[in-house]
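S.K.: Fold the following.
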Amino acid sequence: MVYASRDSTRVSRTLPATSTLDLESEDGWLTVWLNEPEQRNPLSLQRVADLARVCETLALRPDIRGVVFRGRGGLFCTGGDLSMLRGAARGEIERDALLRASRATGALMRRVATLPQLTIMAVEGEALAGGCGLAAAGDIVVAARGATFAFVETTMGLVPAQIAPVVTARLGQRVARRLLLLGDRLTAEKALEAGLADRVVADTVELDAELEGLRAQTQLCAPGAVAATKRLLMDLPGLFPDEQLDMAAQVFADQLDSAEGREGLESFFGKRRPDWAARRDG
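M.R.: Numbers count the residues shown, from 1 in each chain. So this is what the prediction gives:
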């Protein structure tokens, strides 16, 4: 598994200025707002590029413990730019340009899924097609009652190609096949049953409270341990059983030998909070 670059000579540690996203950073927590509700927060070429730049920077920001992805206007994301796709279908956009755009979307899904931080998708309104894929790339999906999830590509004569890997990783082949092939529209409650959502809340007020609770819970977890656990979980399925044993042993030993591992054990035996959990109080 290849992760976002950590080469600080190529990627700035400063969060980028973006036109399609509003970035709110506070006390080790970043909220990424898709900010074009009048356009239904699409995954336009510019937004995909902006999200990719944010993800590249986040790979260098261990001080940011968690990231929330959310849409302005009570709407999450309705997928790709349909006007661009229509132009491509009419031959107005060259095939090579379409292939580059498609690959960029798939690369973004991978970047989001492999971020070292805990990632939370806060879904209100609609999460459709690529927007539903973006939700599936998160670690935790919190849905407001009334939200709709759907992979609508096949109903439009299209293929959910670049989101298929993250959707299958989250749901497994059986459920992914049903949802990707049939394009079912799921309520928040049905998405919870399918495994596409993790929690359902009543409204925006409860959504904000849930996010704050997850933020507090994240502060109790060592950021390096979270990142290492995410890498392990993503890498293990592609290995043979003996390779899984070796990788797990290496990851465990590396973390135990890290500053976090030593601090965690010392704080446990010293009956005090570890430094990463105490920072929020300081």
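S.K.: Going by C-alpha atoms from here, please, whenever you check contacts or count neighbours.
M.R.: Noted.
S.K.: ok, which stretches of the stretch 1-150 of the chain are strands?
M.R.: For the stretch 1-150 of the chain, strands defined by DSSP state E, counting those that start in this stretch occupy the ranges 21-26, 29-34, 66-71, 118-123, 126-128, 140-144, 148-150.
S.K.: Okay, buried residues for the fourth one please.
M.R.: Spelled out, that is strand 118-123. 118-123 (16 or more other C-alpha atoms under 10 Å).
S.K.: Make TSV from these and add pLDDT and distance to residue 104 to it.
M.R.: Shown next, in TSV, are the buried residues of strand 118-123 (pLDDT from 0 to 100; distance: C-alpha to C-alpha, whole Å):
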residue	pLDDT	distance to residue 104
118	98	22
119	98	20
120	98	22
121	98	20
122	98	23
123	98	23
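S.K.: Out of these, which is nearest to residue 173?
M.R.: For the buried residues of strand 118-123, the residue nearest residue 173 by C-alpha to C-alpha is residue 121; the value is 21.7 Å.
S.K.: tell me the mean pLDDT over stretch 106-115?
M.R.: Mean pLDDT, computed over stretch 106-115, is 97.
S.K.: Figure out how far stretch 108-127 is from the centre of its chain.
M.R.: Averaged C-alpha coordinates place stretch 108-127 at 2 Å from its chain's average position (C-alpha atoms, centre = their mean, to the nearest Å).
S.K.: just for the stretch 1-150 of the chain, where's the confidence low?
M.R.: 1-12 (pLDDT under 70).
S.K.: just the helices in it please.
M.R.: Counting by DSSP state H, counting those that start in this stretch, the stretch 1-150 of the chain has helices at residues 45-58, 82-89, 95-113, 130-136.
S.K.: Can you say which of these is nearest to residue 222?
M.R.: So among the helices of the stretch 1-150 of the chain, helix 45-58 is nearest, using C-alpha to C-alpha, at 16.3 Å.
S.K.: The strands of the stretch 1-150 of the chain into a markdown table, with extra columns for distance to residue 200?
M.R.: Below are those laid out as a markdown table (distance: least, C-alpha to C-alpha, whole Å):
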| stretch | distance to residue 200 |
| --- | --- |
| strand 21-26 | 24 |
| strand 29-34 | 19 |
| strand 66-71 | 15 |
| strand 118-123 | 10 |
| strand 126-128 | 14 |
| strand 140-144 | 5 |
| strand 148-150 | 12 |
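S.K.: Appreciated, that's everything.
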